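**Q** Following is a predicted model, sequence given first.
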Amino acid sequence: NPVSYYYLDEQDTTGTGTIYDALGVNNGINNGSINTTGKIGTAYSFPIDILYSGDYINLGSGFDSLGTGAFTVSVWIKTSDLNGRVIVSDETNANGDWALAINNDYFSSFYRGATIISLIGTTNVSDNVWHHLVLVRDPIAGTRKIYVDGNLDAEISSGDTYTATGSSGTMIGSESPASS
């Protein structure tokens, strides 16, 4: 069952900076990201790329307790950034954190538990073309998989007992709120 769904093509006409969850559960707050041309309609752009700062959307703490269960995160991106661009995260350098990012042109994910477990894809996604990126965590099979444009790009069988607890709230476009 979906936890949240964000179109990210709306323009806030109320002046509150609210980013609406289509399910009405986890609305977010825009902090400096701007509307731009999207894959379909409009999208948000995150022009400043500084960890713990810059432009981001704060989705709050609705994702902090993903726990030990299965989950999927799906996003559309268009970037020419080569490294370090955070796509979405629930991360403040503590156990239970997770993030999706660009690592040397490739889609990557990591979990921070007893150790940091990273998964880095093999398809260049920093080519200024729209890409559909998906992370799938299946704790029963003990796997994490990342997909690029519908194709399996990388897989890891970690067998870890990672628990997704988060700590700062989930962010789009940044590692944590600017106030951290």
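**A** Looks like it came in fine. In this text the structure is predicted, and so the values were computed from the model without any measurement.

**Q** residues contacting V88?
**A** Contacts were defined as CB atoms under 8 Å, 6 or more residues apart in numbering; by that measure V88 touches 73, 75, 99-100, 170-173. Using the backbone N, CA and C atoms, a C-beta is placed for each residue, glycine as well.

**Q** Quick check: end-to-end length of stretch 132-147?
**A** Distance across stretch 132-147, first residue to last, is 8 Å (CA to CA, to the nearest Å).

**Q** ok, and for that stretch, which residues are buried?
**A** Within stretch 132-147, the residues scored as buried using 16 or more other CB atoms under 10 Å are 133-137, 139, 144-147.

**Q** Most widely separated two among those?
**A** Taking CB to CB as the measure, the buried residues of stretch 132-147 reach their widest spread between L133 and P139, a distance of 20.6 Å.

**Q** Give me the number of neighbouring residues for I116.
**A** 11 (other CB atoms under 10 Å).

**Q** I misspoke; the intended subject was Y20.
**A** The burial metric for Y20, expressed as a neighbour count using other CB under 10 Å, is 15.

**Q** In this structure it contacts N30, no?
**A** No - when contacts are counted by CB atoms under 8 Å, Y20 is not listed as touching N30 (10.7 Å).

**Q** re the thing from before, including secondary structure, distance to G24 and pLDDT, could the buried residues of stretch 132-147 go into TSV?
**A** Supplementary listing: those in TSV, determined by DSSP: H, G, I helix; E, B strand; the rest coil; distance: CB to CB, whole Å; pLDDT from 0 to 100:
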residue	secondary structure	distance to G24	pLDDT
L133	strand	25	93
V134	strand	24	93
L135	strand	24	90
V136	strand	25	90
R137	strand	25	85
P139	coil	28	81
R144	strand	29	87
K145	strand	29	92
I146	strand	29	93
Y147	strand	28	96
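
**Q** what's the closest of the residues you listed to I120?
**A** Taking the buried residues of stretch 132-147 together and measuring to I120 by CB to CB, the closest member is I146, at 8.4 Å.

**Q** Please look at that closest one and V134 and confirm they touch.
**A** Yes - A contact is recorded between I146 and V134 when judged using CB under 8 Å, the distance being 6.9 Å.

**Q** Now distance to Y106 too, for the buried residues of stretch 132-147, in JSON lines please.
**A** Written out in JSON lines, the entries for the buried residues of stretch 132-147 read as follows (distance: CB to CB, whole Å):
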{"residue": "L133", "distance to Y106": "10"}
{"residue": "V134", "distance to Y106": "14"}
{"residue": "L135", "distance to Y106": "13"}
{"residue": "V136", "distance to Y106": "17"}
{"residue": "R137", "distance to Y106": "18"}
{"residue": "P139", "distance to Y106": "24"}
{"residue": "R144", "distance to Y106": "15"}
{"residue": "K145", "distance to Y106": "14"}
{"residue": "I146", "distance to Y106": "9"}
{"residue": "Y147", "distance to Y106": "13"}
